[in-house]
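# My questions concern the predicted model and sequence given below.
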Amino acid sequence: MTGRHDAVPPAPGALTPAWPDRAAWGTAQSLRAWQAAAMEKYFDQPSRDFLAVATPGAGKTTFALTVAAELLGRRVVERVTVVAPTEHLKVQWAEAAARAGIPIDPTYAAGQGRTSQDYVGVALTYAGVAVNPLAHRIRTERFKTLVILDEVHHAGDALSWGDGVREAFDPAVRRLALTGTPFRSDVNPIPFVTYAPGDDGVPRSLADFTYGYSHALADHVVRPVLFMAYSGEMQWRTRAGEELSVRLGEPMTKDATSQALRTALDPQGAWVPSVLAAADRRLSEVRRHVPDAGGLVIATDQDSARSYAALLKEISGERPTVVLSDEKSGSKKIADFTASEDRWMVAVRMVSEGVDVPRLAVGVYATTTSTPLFFAQAVGRFVRARKRGETASVFLPSVPALLGHASEMEVERDHVLGRPVQDEDDIFAAEQELLDRAQAGEAASDELLGSWEALGSQATFDRVLYDGGEFGHSGEVHVGSDEEMDFLGIPGLLEPDQVRDLLHSRQSERAKKQKAVARPDDTVAEVSTHEQLAVLRRELNGLVAAWYHRTGQPHGVTHAALRKECGGPAAAVATADQLRARIDALRDKAARKSS
C-alpha cells in the first residue's frame, strides 16, 4: 500500500460543491456489520489505496458511498469518480449516489471537458477511460479526487484498460477498489492493487478487507443457493461427419464436453425446453411465498436469447423481458423489470455483473462460458437477500466445470500473477471471444467453434448441489416426475439450516423408495420403458467411456463402430434390444482385449 494522505483545506478560490449531509446519510442508511467493520479499518489506517473484496449482494456500493460521503464531509476529497464495467452500471451508481446525497453525472465523456457544477463527481466505464486517459488525468489533477474502481478486476481485462486506468488516476488522492468475484490468474497486474509473494513465490493480490460468501450467508446478508443440475443424452455430428451420442457430464475430452454442452443449449433440442419448464415450475413454487420473485435466463448469444424467450412464453404464458446488449434501452428494460412483478427476463451478458435486481430468485445458466469469474458474477445476481428465509435456485447443465464452481461457492481467491490457469475444468475460456462477439450480435465462425451440428438432446434431472453437498444423485430422474418435484417443490422461504435438513430428508426418502423397488426374492420389479432405456443408455455410455480411457478411442468412434456392428440408430433413439446388443458387444471386446 502507498502512503497516507491527510485532509487538507480547499485551495483559495477552488470550486466547493454542495457537500452531502453525512448525518442524514448515516441515519437513512444503517450499515451492516461487515460494512461498519470495513469503514472502521478504512479510517483507522488511512492510506491512498484500499481493496475491499466482498461477495456479490453484500452491499459494496453502500460501503463505497459511505466512505465517499465521509471523505467529502472531512474535506479529504473534493470530487468522486466512479469507474464501472458497463454503461448500465454507471447509471446504477449515479442513482445510488443520489440517494446518498452525492450527485454524480453518469453521462460525462472525456471530450466534453466540464460537467455541471451541480455534480460532485462523474461515472465512467473502463473502456471509456482507456479511450482518453489524459483527459481524465487532467480532471483528477485539478481536484482532490476519490476514485472508486468498481469490479476492479476489469482493469486487467486488457493491457490498454490497465494502462489507461493507471495513467488517468495516478494523481488521485484516494482510490477505493471493489470486487465481488474470484480473480483470475494472468500476467497483467491490476492497477493500484498490492501484490506479495505467496508460499510458492508467485505474487498474489492482498485485500485490505475481505467478506466472503460463507460469512455473508451466516450473517443472513445473502441467500442460500440451490444448484439444480440437469444431465441427459446429447447427439451431434462433427465436421468429419462423425455422429456422437453421449451423456452430459460423463468423462470425455474437452472438445467433446464443449460440443455436448452446446448441443444441450441448442433451443431446437429437447434439453432446453425441459429445463426451462422445470425452472418455471420452481419459480411458481417460490412465488407462492415470495409473490414478486423473478427469473433470469443467461444466454450465450442473441439468437439463443430470442429463442429461449419464445420458449418461455409458451411455457409460462407470459412474454419475457429480453435484454440483448449493453445499450440505453437495455438499462430501461432492466429497470422496468426490476420494478414489475413479471416472471422472466432473458439476457446475454449485461446482467451478469453488478446489476441489482433484488427480486431475482431463479436462474437458468444457459451459456457456454464457464470460467470461475463469469460463473460467480452470474450467480451473484440471485443471492441478494431482502428478508430472511428467501432462497435462490440456479439451474445448470451437469458439466464438470460448472458443477465444480457450484461446489466451491465459498472459496476465496486472489489475483495470481503468472501464466493463466488452463486445466480440464476451465474448458470454455477460449469461447470468451464468442461471448463478446455474440453480445455485439455477430455470428460465431467455424474457425472459432469448429463445424458442429446438433442432432438432438434429452434432459434428465441429475442432482441438487447445496452447501458443498450433493443430493438426489442416484440414477436418472425423468423431467416432470414426482421425484423431480421433490426438489423443485422446496418452499421458497426457508432458513439455510432448514434447506439442508429438508434436502437430507428428501434424499433419505428417495433412498427408501429405491430400496423398495427390489423384491424379497432379489428380482427387480417391473419398471417403465423410459426408465429401462435410461438405465441401458447409461450403462452403454459408461462402457464407452471406460473403453476410451483404456484405448484412447474417441466416444463417437466407438458408438459408430457399435452401430455398424449391431445395427440400429443413435443410442438416444435405439430400442432396448439394440442397446443390449451393443453392451454385450463392447463387453466381449473388453474381455478379448484383457485376455
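Structure received.
# residue boundaries of the strands in the stretch 451-595 of the chain?
452-457, 460-466, 469-471, 477-478 (DSSP state E, counting those that start in this stretch).
# ranking those strands by burial, who's on top?
Neighbour counts (mean count of other CB atoms under 10 Å) averaged over each of the strands of the stretch 451-595 of the chain peak at strand 460-466, with a mean of 25. Just so you know, the C-beta spots here come from the backbone N, C-alpha and C atoms, and that holds for glycine as well.
# okay, that strand in PDB with CA atoms only?
The C-alpha trace of strand 460-466 is given here as PDB (Å, rounded to 0.1, in the frame of the first residue of the first chain):
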ATOM      1  CA  THR A 460     -32.900 -35.700 -17.000                       C
ATOM      2  CA  PHE A 461     -32.700 -34.300 -13.500                       C
ATOM      3  CA  ASP A 462     -29.300 -35.100 -12.100                       C
ATOM      4  CA  ARG A 463     -28.700 -33.700  -8.600                       C
ATOM      5  CA  VAL A 464     -29.000 -30.700  -6.300                       C
ATOM      6  CA  LEU A 465     -25.800 -29.100  -5.000                       C
ATOM      7  CA  TYR A 466     -26.100 -27.100  -1.800                       C
END
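# Is the closest residue to L159 other than its chain neighbours in a helix, a strand, or coil?
Nearest residue to L159, sequence neighbours excluded (CB to CB, 6 or more residues apart in numbering): N188, at 6.1 Å. Secondary structure, DSSP: H, G, I helix; E, B strand; the rest coil: N188 is coil.
# My read is that N188 contacts S160, right?
No. With contacts counted by CB atoms under 8 Å, N188 stays clear of S160, the gap being 10.5 Å.
# In terms of neighbours, single out the busier of the two.
Set N188 next to S160 and count neighbours by other CB atoms under 10 Å: N188 wins out with 17 against 14.
# so who does the more buried one touch?
Applying CB atoms under 8 Å, 6 or more residues apart in numbering, we find N188 in contact with 156, 159, 162.
# Scan the residues you listed and report the most crowded one.
These, ranked by neighbours (other CB under 10 Å): first place G156, 22 neighbours.
# Which residue ranges of the stretch 51-200 of the chain form helices?
Using DSSP state H, counting those that start in this stretch, the helices found in the stretch 51-200 of the chain span residues 60-73, 87-99, 126-131, 133-142, 159-169.
# Deepest-packed of those helices, please.
When those are scored by mean count of other CB under 10 Å, the highest mean neighbour count falls to helix 60-73 (a mean of 23).
# Just give the number of residues close to the residue nearest to W344 when sequence neighbours are not counted.
Counting by CB to CB, 6+ apart, the nearest residue to W344 once its immediate chain neighbours are dropped is P320, at 3.8 Å. By the criterion of other CB under 10 Å, P320 has 25 neighbours.
# Check P320 and give its pLDDT.
P320 carries a pLDDT value of 96.
# shouldn't it be in contact with K313?
Yes. Using CB under 8 Å, P320 makes contact with K313 at a distance of 6.6 Å.
# tell me the angle of the helix or strand in which S284 is found relative to strand 452-457?
Assigned by DSSP states H and E, S284 belongs to helix 271-287. Here the directions of helix 271-287 and strand 452-457 differ by 60 degrees (axes from the mean of the first three to the mean of the last three CA atoms, to 10 degrees).
# Let me know the average pLDDT across helix 271-287.
95.
# do stretch 193-211 as well
On average, stretch 193-211 scores 83.
# Stretch 176-185 too?
76.
# How about stretch 68-77?
Here the average pLDDT along stretch 68-77 is 95.
# Ok, stretch 100-113 next?
84.
# Contacts only, for the residue most central in space within the chain.
By CA atoms, centre = their mean, the chain has its centre lying nearest to A378, at 2.3 Å. The contact partners of A378, by CB under 8 Å, 6+ apart, come to 298, 352, 363, 365, 367.
# thought the last one was touching A299?
Yes. Proximity of T367 to A299 meets the contact threshold set by CB under 8 Å, at 6.1 Å.
# F209 and V357, how far apart?
Distance of F209 to V357, given as CB to CB, to the nearest Å: 26 Å.
# any idea which element the residue nearest to the centre of the chain lies in?
If you go by DSSP H and E, A378 is part of helix 372-379.
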